[in-house]
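Visitor: Any chance you can model this:
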Amino acid sequence: MVITQNNPSLFDKVSMTALIISPILETYGWGTFNFSFIIISLLSVANVFKRGLPFYRVPKALLVFLGFYYISHLIACTSIGGILHLGILRILLSILLLYSCFDIMWFTDSYRTIAKICIAFFFIQELSLLITGIRIPGVVSFLPNSLGVDVSLFIAKMKEAERSSSFFSEPAMFVQFLLPLLIVELFAFKNIKWRWCIFVVLTLLLTRSGNALIGLMLIAMVFIYWLFTSQVLSKKKKMWITTSVFLISIIAFPIYLNSEIGESMLERTDTMKLPDTTNAYTSGFLRIWRGYFVYDQYDTIYKIIGNDNPIYIDNAIYNSPVSDFFGEKERYFNNVQTCLLHTGIIGVFIFSFFIKKEFKHSNLCGKTLLLLFIVLSFIAYFYFKAMMLIILVYTSYMSDSTVLLDKRTKVCLHL
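Guide: Okay, here's the model as predicted:
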């Protein structure tokens, strides 16, 4: 099937733009009701009035998962007021919005443009640090802060931070924003923009983020596989790319690892190890492992079907051996742990089935996006947030039988 670039409506363009900048908008607002939450919710409701409820656009397995999520919530619900789960309803409406308005070519062009702006400001921050010793914060000071931190203190903290994060609240979010785009640029287009891709890789390395290192290692392995199996590249071009990458790697990689930036990144990967008798719990350990200790406190029935009741989760945290490492009313878990706690083994099985089905029908680009999602889900939290939705919606357009044609650039997308 050949799909040419369409001209999305203004409403669709606004919706897609809101999705792209959602990780930035999450910094502003009032707690849970951050600007991303408010804007996407309003657009989702408007989409219902505009298009109704187009369930046929959404993968059935994903709808089944959301249905089970709601049933699990009803079973664990302890009050009449909690019967209507606004969180699940909002997730469903957001998914319907994005699967309805998504135009892959317009979205990718806009995604790339916004990424260039963010990267440009990232290098301005790095240059500012180099010249003045202080980073220019990427925070809009007159907007309310949704992170529960005083704006002036937050800005002061960002000025003195060890790492730049562009307009994002932290480097990890900036990295999670760039990685899916890098995958699309490398594996979706027939004619790869090599300079742009190298520039994105350089930016990711400069963030000194463990997320970046893990993501780039995954992409590198897929790239090597693609390089030797691609039918698009000639043998001469394959040899040229292989030689260039090899020479650059053996020269640049040791230099990078021995630099201050490389040492900083390696230190961050060390924080993900399990504690032993000589070291305490690290931030990486807490992000990756502590949710399983909480899950172990669940009753057997809830281990099977899950329980998203905040009071029940707080009690499980209190009774767990890692309770001292949670802040007041803190329930931060990575994606896998969140899914496990909220929907139990059954929910994890249904969602895994959805991912497996999408993986089976995706091309290399879609498969790589899903692999990235799986890997990051074990170390980070973006459960049904913008970046998770971007990956899932992109993947739905990455079937082997689809070819997109960008009329403006005359570039074919093999999807």
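Visitor: and S169, which of the three is it?
Guide: Three-state call for S169 (DSSP: H, G, I helix; E, B strand; the rest coil): coil.
Visitor: Just confirm it contacts G148, I think it does.
Guide: No: in this structure, S169 is not within contact of G148 by C-beta atoms under 8 Å, at 11.7 Å. Just so you know, the C-beta spots here come from the backbone N, C-alpha and C atoms, and that holds for glycine as well.
Visitor: Mind listing the shared neighbours of those two?
Guide: Contact with both S169 and G148 is made by no residue, according to C-beta atoms under 8 Å, 6 or more residues apart in numbering.
Visitor: neighbour count winner among those two?
Guide: Each of S169 and G148 has its neighbours counted (other C-beta atoms under 10 Å); S169 has more, 21 against 9.
Visitor: list the contacts for that one?
Guide: 26-27, 147.
Visitor: Which stretches in the protein count as strands?
Guide: For the chain, strands defined by DSSP state E occupy the ranges 2-4, 29-30, 33-34, 403-406, 411-414.
Visitor: Show me what the second one is in contact with.
Guide: Counting contacts by C-beta under 8 Å, 6+ apart, the residues outside strand 29-30 that touch it are 35-38, 144, 146.
Visitor: Lowest-confidence one in the contacts of S169?
Guide: Lowest in pLDDT among the contacts of S169 is L147, which has 75.
Visitor: Can you give me the neighbour number for that one?
Guide: L147 has 15 nearby residues by other C-beta under 10 Å.
Visitor: residues touching it, list them.
Guide: Residues near L147 by C-beta under 8 Å, 6+ apart: 27, 154, 169.
Visitor: Give me the phi and psi for it.
Guide: Dihedral angles of L147 (phi, psi; degrees, to the nearest 10) stand at phi -90, psi 0.
Visitor: gap between T207 and L178?
Guide: 9 Å (C-beta to C-beta, to the nearest Å).
Visitor: And F359, by the same measure?
Guide: 22 Å.
Visitor: Between these two, which is the more surrounded one?
Guide: L178 (24 against 15).
Visitor: Give me the pLDDT for that one.
Guide: 97.
Visitor: residue contacts, the spatially closest residue to F168 that is not a sequence neighbour?
Guide: With C-beta to C-beta, 6 or more residues apart in numbering as the criterion, F168 has its nearest non-adjacent residue at 4.3 Å, and that residue is F174. Listed by C-beta under 8 Å, 6+ apart, the contact partners of F174 are 118, 122, 165-166, 168, 207, 209.
Visitor: which one of those residues sits closest to Y69?
Guide: Of all those, F168 has the smallest distance to Y69: 28.0 Å, by C-beta to C-beta.
Visitor: which residues does the closest one contact?
Guide: Counted by C-beta under 8 Å, 6+ apart, F168 has contacts 23-24, 27, 118, 138, 174, 177.
Visitor: Quick one: the residues you listed as CSV, columns for distance to N7 too.
Guide: As requested, those are exported to CSV (distance: C-beta to C-beta, whole Å):
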residue, distance to N7
P23, 27
I24, 26
T27, 32
C118, 26
G138, 32
F174, 31
F177, 26
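Visitor: Drop anything exposed from those residues.
Guide: 23-24, 27, 118, 138, 174, 177 (16 or more other C-beta atoms under 10 Å).
Visitor: I'd like to know which of those residues is nearest to I305.
Guide: Of all the buried ones among the contacts of F168, I305 sits closest to P23, with 31.1 Å by C-beta to C-beta.
Visitor: I'd guessed the closest one sits against M387; true?
Guide: Yes: in this structure, P23 is within contact of M387 by C-beta under 8 Å, at 6.3 Å.
Visitor: Next, count neighbours for M217.
Guide: Neighbours of M217 (other C-beta under 10 Å): 11.
Visitor: oh, I was asking about D314
Guide: So D314, with other C-beta under 10 Å, has 17 neighbours.
Visitor: so what's it scoring on pLDDT?
Guide: Predicted confidence (pLDDT) for D314: 90.
Visitor: same deal with N34?
Guide: Reading off the model, N34 has pLDDT 89.
Visitor: Now it: closest residue in space that isn't a chain neighbour?
Guide: Using C-beta to C-beta, 6+ apart, the nearest residue to N34 is S146, at 3.9 Å.
Visitor: The one you found: what's it in contact with?
Guide: 26-35.
Visitor: any chance of those in TSV, plus distance to I192?
Guide: Formatted as TSV, the contacts of S146 follow (distance: C-beta to C-beta, whole Å):
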residue	distance to I192
E26	31
T27	32
Y28	35
G29	38
W30	43
G31	42
T32	40
F33	41
N34	35
F35	34
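Visitor: Mind giving me the ChimeraX command for buried ones among those residues?
Guide: Buried residues among the contacts of S146 (16+ other C-beta under 10 Å), as a ChimeraX selection:
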select :26,27,28,29,34,35
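Visitor: what's next to stretch 52-62, contact-wise?
Guide: Looking at what lies outside stretch 52-62 - C-beta under 8 Å, 6+ apart - the contacts are 63, 95-96, 99-100, 350, 353-354, 357-358, 392, 396.
Visitor: Please disregard the earlier target; I meant stretch 377-385.
Guide: With C-beta under 8 Å, 6+ apart, stretch 377-385 has contacts from 22-23, 26, 36, 91, 94, 172, 176, 210-211, 214, 272, 284, 287-288, 332-336, 338-339, 376, 388.
Visitor: Identify each buried residue in it, please.
Guide: So for stretch 377-385, counting by 16+ other C-beta under 10 Å, buried means 377, 379-385.
Visitor: measure it end to end?
Guide: 12 Å (C-alpha to C-alpha, to the nearest Å).
Visitor: What mean pLDDT does that stretch get?
Guide: 91.
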